[in-house]
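>>> Quick one, fold the following:
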Amino acid sequence: MKRGPVILAVGLAVVAGLVAVLASGFQHDPRSISSPLLGKAAPDFTLQTLEPDASGTSASVKLSALRGTPVVINFWATWCIPCQQEHSTLLAVSREFDGVAKFYGVVYQDKPEAIDAWLNARGRAYPTLIDVGSQAAIAFGVYGVPETFVIDKKGVIREKFTGGVTFEGVASLLNTLITE
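You can find the predicted model right below:
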């Protein structure tokens, strides 16, 4: 029996299988990563804002109290390069949807002084929340930053983006959620 054609056939079968596996990945947006929380109620949290209110004290934000409005939660950190790159996009989309959707930045394992300086240099458009002990991040299953969760009016997580978001990706989803 000749081994050449058999080896060639096996090699072609292996290569065809690898090509099929790789090609199937091209159908998905790499910034949209599945999460076991998709389609489920967002874990509730109560976090303090970094920015003081008019009375000079930090306000509390309770996620479940925001029902009735789409919410975008972005977990980020000052030491995160992709967070720096996506920040202007998040500022722009939050301004575009001001009054119809809520945006919150949840700081992941960072220091308030560094956060304040970072935001002063790059701009602010929505409240920054301090996640002491990373409890909210743990509840959301955050394994790295940036991670962005889009929550519908009923408090259900509809999308999770890992890595930098695009204006079009978040805006398109928010337009859908606003009209539902």
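>>> Got the domain ranges for this protein?
Listed by automatic domain parsing, the domain ranges of the chain are 1-30, 46-179.
>>> Please state the offset of the last one from the chain centre?
With CA atoms, centre = their mean, to the nearest Å as the basis, domain 46-179 stands 8 Å off its chain's centre.
>>> how long is that domain end to end?
Start-to-end span of domain 46-179 (CA to CA, to the nearest Å) is 27 Å.
>>> taking the domains of the chain together, which one is wrapped up most tightly?
domain 46-179 (a mean of 17; mean count of other CB atoms under 10 Å). For every residue, glycine as well, the C-beta is placed using N, CA and C.
>>> what are the ranges of the strands in the protein?
Listed in chain order, the strands of the chain (DSSP state E) span 46-52, 58-62, 71-76, 102-107, 128-130, 147-151, 157-162.
>>> Enumerate every residue touching the closest residue to T166 other than its chain neighbours.
Spatial nearest neighbour of T166, excluding adjacent residues (CB to CB, 6 or more residues apart in numbering): T89 at 6.6 Å. Residues in contact with T89, defined by CB atoms under 8 Å, 6 or more residues apart in numbering, are 164-167, 170.
>>> so A42 makes contact with R158?
No: in this structure A42 lies outside contact range of R158 using CB atoms under 8 Å: 9.6 Å.
>>> list the residues that contact both of those two?
Common neighbours of A42 and R158 (criterion: CB under 8 Å, 6+ apart): I151.
>>> most centrally placed residue in the protein?
For the chain, T148 is the residue whose C-alpha lies nearest the centre (CA atoms, centre = their mean; 0.8 Å).
>>> which residues touch it?
Residues in contact with T148 (CB under 8 Å, 6+ apart) are 72-75, 90, 160-161, 165, 170.
>>> what bits of the protein have low per-residue confidence?
Low-confidence segments of the chain (pLDDT under 70): 1-34.
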